[in-house]
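Student: could you work out the structure for the sequence below:
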Amino acid sequence: MLYHDKIPSSRSAYLVTPTLYAQLTAIAFAGKRMFIAINYQGVKEWKEKEGWVHMSDGSKLGHILNSEEPDLRYPLPFLKYFKGKLFAAHGTPRYTP
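Tutor: So this is what the prediction gives:
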């Protein structure tokens, strides 16, 4: 399988100065499935016919001051696929780009 699409930016990235750029914080594979955590977008899965699919429902919401943007998430530096489940975590200490 070829992973050929760049990580998309969200519309919220352009509401702040400087602009938020999508940066990978963690990656996990499950056979041919690939999951990535992005510094402000949460988790996405690559699907061959759809590209990057957002799958961050339930993860902790991030924020931009004076704004309620539903697509911002806290950075997730830990991503692990284990026994059929994807685990994503944040906490202290944490790494984000």
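Student: what segments of this structure are helices?
Tutor: Counting by DSSP state H, the chain has no helices at all.
Student: okay, now the unreliable bits of the chain?
Tutor: Scanning the chain for pLDDT under 70 picks out 1-5, 58, 63-70, 91-97.
Student: same thing but 90
Tutor: Residue ranges of the chain with pLDDT under 90: 1-25, 31-32, 37-42, 47-78, 87-97.
Student: can you pull the contacts of the residue lying closest to Ile27 once chain neighbours are set aside?
Tutor: In space, not counting the residues next to it along the chain, Ile27 is nearest to Ile36; the distance is 5.2 Å by C-beta to C-beta, 6 or more residues apart in numbering. No exception for glycine: its C-beta is placed from N, CA and C like everyone else's. Going by C-beta atoms under 8 Å, 6 or more residues apart in numbering, Ile36 touches Ile7, Leu24, Ala26, Ile27, Ala28, Val43, Lys44, Trp46, Trp52, Leu79.
Student: tell me which stretches of this protein form strands.
Tutor: Along the chain, the segments classed as strands by DSSP state E run 24-30, 33-38, 42-47, 51-54, 78-82, 85-89.
Student: save these as CSV, and put in distance to Ala13 too.
Tutor: Below are the strands of the chain laid out as CSV (distance: least, C-beta to C-beta, whole Å):
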stretch, distance to Ala13
strand 24-30, 15
strand 33-38, 10
strand 42-47, 13
strand 51-54, 14
strand 78-82, 20
strand 85-89, 20
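Student: of these, flag the one that's most buried.
Tutor: Burial of the strands of the chain is given as mean neighbour count (mean count of other C-beta atoms under 10 Å); strand 33-38 ranks first at a mean of 21.
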